[in-house]
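In: Here's a sequence, model it:
(chains A and B)
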Amino acid sequence: MYAIAIHGGAGAVPRAKLSAAREQRYRSGLEAALDRGYAVLEGGGSSLDAVATAVRILEDDAAFNAGHGAALTRDGAAELDAAIMDGRQLRAGAVASVRHVKNPIELARRVMEKSRHVLLVGAGAEEFALEEHFTLVPNQYFRTAERLEQLEFEQRGERVSDLVPPGPPGTVGAVACDAAGNLAAATSTGGMTNKRPGRVGDSPIIGAGTYAKNGVCAVSATGHGEYFIRAVAAHHVCAAVEYRGLSLTQAVHELLQLLRALGGDGGLIAVDREGQIVMEFSTEGMFRGARDARGRREIAIY
Amino acid sequence: MSRPKLPAVRCLLLLAAAAVRVAPAAADAPPIAIVIHGGAGVIEPSRMTPAKEASYRAGLAAALDAGYAVLERGGTSLDAVTAAVRTMEDDPQFNAGRGAVLNDQGDAELDAAIMDGNGPHAGAVASVLHVKNPVELARLVMEKSRYVLLVGDGAEEFALEQGVALVPRSYFRTEAREREFEETRHTEWAPRAGGARAGSGAQPSSMGTVGAVALDRGGNLSAATSTGGLKTNKHRGRVGDTPLIGAGTYANNQSCAVSGTGEGEYFIRGVVAYDVCALVQYRHMSLAEAVHEVIHEKLPRAGGEGGVIALDPAGDIAMDFNSVGMFRGARDSRGRRDIAMYRDDAKR
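Out: Numbers count the residues shown, from 1 in each chain, chains lettered A, B, ... in the order given. Predicted coordinates:
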């Protein structure tokens, strides 16, 4: 039973503020990523290829906070994080704080497949990208008028301080189970708007924002990253399933409650070895989609 | 006639009662404990000289006692692990702070994390080149920013804003590390298949990292870890498990505190530190069982080598490794004070 689920970020998505045109833009972006990822599975491809494909499409879509159109740091630059994990052998790759890599998810995958490391950051990650013949792009490739406007709004609205709460989070991710029962997860993000340069959230941290283990589950998270790191969120869900025998739904629900108790909000998508999908969030909305071999196909925001 | 005697008898009885009360009170006092490590790897007597061994033992003892002194005077576990780790960062024989290994560019590139099991709260820095005590910067991230992990230039910018003086890269380089860098810079590495050990290219060496876990009188657990990372040909920008909460460092008052050392990539993929605590909390294993399961079952299955130190709220201590040896030390209010580095140290 193969299945894929995707998300395009969780946060305050007030219905009133989202125009019909904008809502349509998000929905069609999610559809494109969901269907392309699903097509990989349908064609007998691996869950790893499926999540990489779906996330790459969301990275290229300016509507989402990853790759092109990512949120900007307080210096007005895009700084990107991504991770991918293959549940088969618990292999993983991640990059953080890169500024010139068009598709961070592809570099994360290259770290997993071509280096002996799991996580590369900053200039060192870009050096590796060049060694692997990636073409780097200027930072302005990622900046959109909309994100600059959001940054200005944040900076006008509140003092730039390290102690003020962050704006609405947003991140993209995918989890999949292929016909062979292999699980995979991938997550990519620009992080929070107006973040301090060098800040790394949960997305590229294996066990926090991204985790996959065959026979258990695959998880991709979105939300207030610092809380997800402290709760070791993605691994927490898998540990609850594996060690305590909770259902995936119970495990995700419990994790969101735990985060709430700590003061953090967000959402998760997860899939288990039976291809059962769970998508839950503690925020007003989460851009999400799910499709499986039983004929389910849905896109939702609220 | 017997009356005058009574006050004396009563007095004696009171004294006895007081003595009885004092004795159990001391035994019932909440335990305090600290455990440290200075890296795991090929640490065996044949590779040591008596002078080197004594020097490592002295370095470990200094860190252990610095941390324990904090706990003994009623300080927090957070202050104790900071003190112990800072001491080892400043000691050039350990792979953290001064004397850290050099990356493929010849620079020490440092990572550190700290976690307060009460909250829990956490702070970490990665890939910093000019911060004398990365564990202190990690703590500032935890206490003075709304973030958990800051990397590279951004982390150093934050350091400057917090009034932390930066030091030149040369501060970290020692003669021994420069020699090692020259010897290994042309070493090729071969990717491992199926967890098989790499060929002669992979120089067996100490996967040094330093760390500490502590339990204070208030029952709070903390963990801290600091490292220069891999010894051989570390790719610039490579971040290991040390600064990743859940991988190399984790503390939660509900379960345990863990600091790891070893082949970081395997620790990241296994979310090792958190996994130990999850086994304790959810599988109800003892701390020793949980550590054994992770270090001797799960890690070797994936092909990973290393060790962890761990501590639970009852003051139970675990120090275990699947490598040849691990620099380690433990001290607690029950009178234990050990420094060890070999597998059979206890018998020596």
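In: check contacts around the closest residue to chain A within the stretch 201-348 of chain B.
Out: Shortest the stretch 201-348 of chain B-to-chain A distance, computed as Cβ to the nearest Cβ: residue-wise this is B:Gly237, at 1.6 Å. To be clear about C-beta, it is placed using only N, CA and C from the backbone, and glycine gets the same treatment. Applying Cβ atoms under 8 Å, 6 or more residues apart in numbering or on different chains, one finds that B:Gly237 lies in contact with A:Leu120, A:Val121, A:Gly122, A:Ala123, A:Gly124, A:Ala125, A:Glu126, A:Glu127, A:Phe128, B:Glu109, B:Ser127, B:Gly152.
In: switch the cut-off to 7 Å
Out: Taking Cβ atoms under 7 Å, 6 or more residues apart in numbering or on different chains as the criterion, B:Gly237 is in contact with A:Leu120, A:Val121, A:Gly122, A:Ala123, A:Gly124, A:Ala125, A:Glu127, A:Phe128, B:Ser127.
In: A:Val101 too?
Out: A:Val101 is in contact with A:Leu80, A:Leu107, A:Glu126, A:Ala129, A:Phe134, A:Leu136, counting by Cβ under 7 Å, 6+ apart.
In: taking those one by one, which sit in strands?
Out: When DSSP state E is applied, the contacts of A:Val101 are split such that A:Leu80 fall in strands.
In: Which one (most neighbours) among the contacts of A:Val101?
Out: Counting neighbours by other Cβ atoms under 10 Å in any protein chain shown, A:Leu80 comes out on top of the contacts of A:Val101 with 31 neighbours.
In: For A:Gly267, report the pLDDT, please.
Out: You'll see A:Gly267 listed with a pLDDT of 96.
In: which is the next helix or strand following the host helix or strand of it?
Out: Remark: A:Gly267 resides in strand A:266-272, with elements defined by DSSP states H and E. Per DSSP H and E, the first helix or strand lying C-terminal to strand A:266-272 is strand A:277-281.
In: where's that following strand relative to the chain centroid, distance-wise?
Out: 14 Å (Cα atoms, centre = their mean, to the nearest Å).
In: try stretch A:100-112
Out: 13 Å.
In: Show the average pLDDT along that stretch.
Out: Confidence over stretch A:100-112 (mean pLDDT, whole number) is 98.
In: Next: stretch B:307-315.
Out: Taken as a whole, stretch B:307-315 carries a mean pLDDT of 98.
In: quick one, what contacts residue 56?
Out: Using chain A. Going by Cβ under 7 Å, 6+ apart, the list of residues near A:Arg56 reads A:Asn103, A:Ile105, A:Glu106.
In: meant chain B actually
Out: Remark: with contacts taken as Cβ under 7 Å, 6+ apart, B:Tyr56 is in contact with B:Gln93, B:Phe327, B:Met341.
In: What are the phi and psi values at residue 90?
Out: Using chain A. phi 60, psi 40 (degrees, to the nearest 10).
In: Excluding sequence neighbours, find me the nearest residue to it.
Out: When the adjacent residues along the chain are set aside, A:Leu90 lies closest to B:Arg269, with 4.5 Å between them (Cβ to Cβ, 6 or more residues apart in numbering or on different chains).
In: in the chain, which segments are predicted with low confidence?
Out: I'll assume chain A. Counting by pLDDT under 70, chain A has low-confidence residues at A:13-17, A:158-170.
In: wrong one, chain B
Out: Along chain B, the parts satisfying pLDDT under 70 run over B:1-27, B:186-207, B:231-232, B:346-348.
In: Flag every residue of the stretch 101-250 of chain A that's near chain B.
Out: Contact residues, the stretch 101-250 of chain A versus chain B (Cβ under 7 Å from any Cβ of the partner chain): A:115-125, A:127-128, A:162-163, A:196-200, A:205-208, A:226, A:229-230, A:232, A:235, A:239, A:243-244.
In: sorry, back to before: tell me the one of the contacts of A:Val101 nearest chain B?
Out: After measuring the contacts of A:Val101 against chain B - Cβ to the nearest Cβ - the closest member comes out as A:Glu126, at 7.9 Å.
In: which stretches of chain B form helices?
Out: Counting by DSSP state H, chain B has these helices, from start to end: B:5-28, B:50-72, B:77-90, B:134-144, B:152-161, B:175-184, B:264-269, B:272-282, B:287-292, B:299-302.
In: So which of the residues of the stretch 101-250 of chain A next to chain B belong to helices?
Out: Restricting those to those inside helices, with DSSP H as the criterion, leaves A:122-125, A:127-128, A:226, A:229-230, A:235, A:239, A:243-244.
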